[in-house]
Every structure is written in C-alpha cells, then in structure tokens.
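J.: Okay, predicted coordinates and the sequence, questions at the end:
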Amino acid sequence: MRLRNVPGSREAIADSPLAINEPKELKGKWNEEFGNNNPIRIEIGMGKGKFITQLAMENPDINYVGIEKYSSVLIRAIEKCEDIEINNLRFIRMEAEYIQDVFEKDEVDRIYLNFSDPWPKDRHAKRRLTSKQFFERYDGILKKDGIVEFKTDNDLLFQFSLEQVPEAGWNLDKFTWDLHNDEEMVKGNVMTEYESKFSAMGNPIHKLIASR
Ligand code: SAH
C-alpha cells in the first residue's frame, strides 16, 4: 500500500461511528457492540476496505470488523461508507500482532487475509500474517470450526503459507494457484482492491483455506 500522510485522518477516524477507538474494551463483548449474536468475521490488513464493505452490504446477518494499521489507509475505507446505511461493519486501526487483546477466545467465526505484506527477508518471516506465530494468535480468537481464508498473487508468500499451515498444526482444507480459473473456489469470490489490480496485470491469484 503506497503511503501518503493524509492530514487530519486520525481525527476523522476518531469522529467516525464506524471506527472503534478503544477496541480492547470490546473484547468478549462484540455482540453488544453490534446489538445481536450474529457471527463475526474479520479482515486483517483490509487496506481501503472494498472487500469487507462489499461483504457487509451483501450479508446483513453477519458482522464484519476490518483491521488496518495505517490511519491514512483506513480513512479511505471510512469515506466509502459515509453515504451508506450500514450497521454490521466496524473498523479498527491497530497492529494485528495484538489481535488477542481485542477478541476473546471463540469470538471470531472467520478471518480473511488478502494480499498481506510479503516480508521477503527470511529474518522477517514471523511478521508475515500467515506465519505459524500468527496462526497461534488466530487460534486464540477463532471458533473451533472457524476458518482462515487467504489470497495473494505472491508466489513465495503463498508457498511459505502452504507450508506454515501444517507446521502450525492446522489443516489445509483447499487451495488453488489460479483462483479465477478454479470453477469451484471462485464461486462467490469478492475481489479486493489489490486483486483487481494484480489480476489485470495478468498475475494469477492464489487462495488457501485453513482450519483446525
Ligand atoms: N486487503 C487489501 C489491502 C492489501 S495491502 C487488498 O487486498 O486490497 C496490505 C494491507 O495490510 C496494507 O494496507 C497494510 O497497511 C496492512 N497491514 C499489513 N500488515 C499489517 C498488520 N500487521 N496489522 C494491520 N494491518 C496490516
């Protein structure tokens, strides 16, 4: 994600009813925030939020939380929602490493990771959102039958992720190296911002689904 400092973005986020400023206070209480007991699905590293906003509009009986570490990007997601009536979507500006401070064990039903940062250097492997260190954190918030869905066009990151799933003690339920030409896995696919951009450049999109 190209970063520009968007002046005033922190203030605008603090003022938006969609942005949760003290997410730790909602740990174990997200159903109260949404006012129902519907399942909660999160996207970590949502960028400008096209994917999660579309899912929230299409599935009013599911609650969505988008997580992004940069306010300059998050503000774009908030702006997208300014003119629509949407009750089942919230945003958090935070570093994903601390996800267990924000969600209780079993509180999350599904985790989406889309076009996560590749962190190509070996010594940064544990920062990748599909590293076994991150799967351990997901284990601490995800329901027993919950799943992680991951998409990327990055070959090395995808290969690494395919290996980390079993190493973390998880199951690889399904995977494809060419999502858009996989008749079964592409059903209901919602494109992310990066997915549109990279597939237009001719890059095949890879996807895996993991569970415990
Ligand atoms: N999911 C979007 C954006 C992909 S770019 C899409 O597919 O279009 C990856 C995004 O993840 C960036 O906006 C980056 O700031 C965010 N991100 C990367 N690592 C993160 C982390 N550890 N915690 C929170 N956000 C993160």
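T.: Structure's in. What do you need? Only a predicted model underlies this, so the values are computations on that prediction, with no experimental measurement involved. Numbering: from 1, shown residues only.
J.: Helix or strand: which one has the most centrally placed residue in the chain?
T.: With distances taken as C-alpha atoms, centre = their mean, Glu43 lies nearest the centre of the chain, 1.8 Å away. Assigned by DSSP states H and E, Glu43 belongs to strand 40-44.
J.: show me what contacts the residue nearest to the centre of the chain?
T.: 51-52, 64-67, 111-114 (C-beta atoms under 8 Å, 6 or more residues apart in numbering). C-beta here means a position set from N, CA and C on the backbone, and glycine is covered the same way.
J.: follow-up on the earlier one: next helix or strand past the strand holding Glu43?
T.: Following strand 40-44 in sequence, per DSSP H and E, is helix 50-58.
J.: so how far is that following helix off the chain centroid?
T.: 12 Å (C-alpha atoms, centre = their mean, to the nearest Å).
J.: From the rest of the structure, what touches the next helix-or-strand element following it?
T.: Next along the chain after helix 50-58, taking DSSP H and E as the criterion, comes strand 63-68. Strand 63-68 is contacted by residues 20, 30, 34, 36, 38-47, 49, 52-53, 55-56, 74, 77, 88-94, 96, 99 when judged by C-beta under 8 Å, 6+ apart.
J.: Burial check on the closest residue to Lys24 other than its chain neighbours, number of neighbours?
T.: Spatial nearest neighbour of Lys24, excluding adjacent residues (C-beta to C-beta, 6 or more residues apart in numbering): Asp101 at 5.1 Å. When neighbours are defined as other C-beta atoms under 10 Å, Asp101 has 10 of them.
J.: And for Ala125?
T.: Around Ala125 there are 15 residues (other C-beta under 10 Å).
J.: do Asn38 as well
T.: When neighbours are defined as other C-beta under 10 Å, Asn38 has 16 of them.
J.: Could you tell me which residues make contact with it?
T.: So Asn38 contacts 31, 61-63, 88 (C-beta under 8 Å, 6+ apart).
J.: Can I get the residues you listed in a markdown table including distance to Trp170 and pLDDT?
T.: Formatted as a markdown table, the contacts of Asn38 follow (distance: C-beta to C-beta, whole Å; pLDDT from 0 to 100):
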| residue | distance to Trp170 | pLDDT |
| --- | --- | --- |
| Asn31 | 26 | 98 |
| Asp61 | 27 | 98 |
| Ile62 | 23 | 98 |
| Asn63 | 24 | 98 |
| Asn88 | 28 | 97 |
